[in-house]
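Asks: just a sequence and a predicted model for now, questions to come.
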Amino acid sequence: MQGEGKSHSVIGVPFLAAARALGLACATATLLTLGACQKPAGEPAAANSTADVSGYLEPPVMTGAVREADGRVTLTGRAPIDTEVRLMAPGGGAFSATATAAGDWSIQLAASPEPRMFAFDGEIAGRVLHAEGAVLVLPSPGPAAVLMRAGYGAAPIGSGGGPFRIEAIDYDGSGGVAVSGVAAPRAMLRFVLDGAPAGAGQADDKGRFTVLDMNTRTPMGQGAHTVRIEGQTTAVQGPLTIAAPTDLSDRAFASTRELDGWRIDWRIPGGGTQSTLVFDAASPAPLIGAPVSGARR
């Protein structure tokens with residue numbers, strides 16, 4: 001297990017449990033903030049002019065994450081012109097880049113054998129622009145980077161396209177769960193947990209989805225479970241074992257290598273711990289393997 005630094009408040013949205021209790025079923029790949037469905041993560045931000053920064057400025061967004069052959073990871077995105085985009089580690093280290101006249105920015109991180117987690121924001125003319133989520137950068141064979149969202153599902157950055165698959169599962173101590181992955185663009189999806197309907201949603205224009213477990217009567221407990229996402233004619237499913245989170249003490253997060261991915265236990269604003277399972281990009285595990293029969297038609 002590895003962690004970095006002291007507790008650091010990285011994002012401010014409600015727990016999975018709160019989302020389930022309130023019945024907030026915005027189950028596309030969008031941010032869940034105080035019950036509001038907002039602009040999907042990863043959509044390019046406008047390259048606002050710096051002539052007047054007193055009005056609304058869109059926060060930075062991360063649109064790409066590429067792992068080079070030597071293990072370095074290049075993160076790219078959009079932000080208002082001249083914004084200083086920052087990645088800040090819980091232990092105090094930081095990386096930054098300034099958005100160009102075209103509104104683009106790029107940050108390259110050295111290779112690391114362990115996951116790293118960063119707060120993500122921007123600053124322009126003394127104004128801090130809080131971005132959606134925290135950024136988790138992973139070693140191979142995991143995805144290059146993942147956007148971590150408190151109270152919602154993780155979103156691998158720049159994902160979309162390819163086979164129907166589950167890429168990440170989030171859960172918390174109260175039994176809330178969110179499943180994220182890739183399906184056909186705009187596909188209607190149903191979430192089945194241990195054989196019982198748990199939620200439904202729709203993929204976005206790029207095929208990315210996050211579906212919440214909205215069944216507040218039977219929250220998921222520790223132990224073995226079966227997670228299944230059904231499309232119109234196919235489905236993906238696999239076994240899932242829920243374990244107690246790592247004792248974080250004064251750390252912001254801890255990472256544990258699993259058979260087919262990483263489990264990240266991380267401290268979220270307001271107290272409590274959320275666990276995020278991020279599956280390897282090329283894992284043969286059933287969770288992101290070939291579709292299985294029996295999907296609804």
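Replies: Structure's in. What do you need?
Asks: which stretches of the stretch 1-150 of the chain aren't confidently modelled?
Replies: Residue ranges of the stretch 1-150 of the chain with pLDDT under 70: 1-52.
Asks: kindly recompute the last result at 90.
Replies: Low-confidence segments of the stretch 1-150 of the chain (pLDDT under 90): 1-56, 91-93, 132, 141-142.
Asks: show me where it has its helices.
Replies: Secondary structure of the stretch 1-150 of the chain (DSSP state H, counting those that start in this stretch): helices at 16-22.
Asks: do the same with the stretch 151-297 of the chain
Replies: Under DSSP H, counting those that start in this stretch, the stretch 151-297 of the chain gives no helices.
Asks: show me where it has its strands.
Replies: Under the criterion DSSP state E, counting those that start in this stretch, the stretch 151-297 of the chain contains strands at 155-156, 165-172, 177-182, 188-193, 196-202, 208-212, 223-230, 235-242, 253-258, 261-267, 273-279.
Asks: ok, Gly207 - contacts?
Replies: 160-161, 182-185, 187 (C-beta atoms under 8 Å, 6 or more residues apart in numbering). All C-beta atoms are positioned from the backbone trio N, CA, C, and that covers glycine.
Asks: which among those count as buried?
Replies: Among those, those classed as buried by 16 or more other C-beta atoms under 10 Å are 160, 182-183, 187.
Asks: what's the farthest-apart pair in those residues?
Replies: Gly160 and Ala187 (12.1 Å; C-beta to C-beta).
Asks: got the contact list for Val128?
Replies: 121-122.
Asks: ramachandran angles for the residue positioned nearest the centre of the chain?
Replies: Geometric centre of the chain, nearest residue: Ala154, 1.9 Å, by C-alpha atoms, centre = their mean. Note on Ala154: backbone dihedrals following degrees, to the nearest 10 are phi -70, psi 150.
Asks: run through the residues that contact it.
Replies: Ala154 neighbours (C-beta under 8 Å, 6+ apart): 136, 146-148, 167-168, 170, 180, 276, 278.
Asks: give me the nearest residue to it, chain neighbours excluded.
Replies: Ala168 (4.0 Å; C-beta to C-beta, 6 or more residues apart in numbering).
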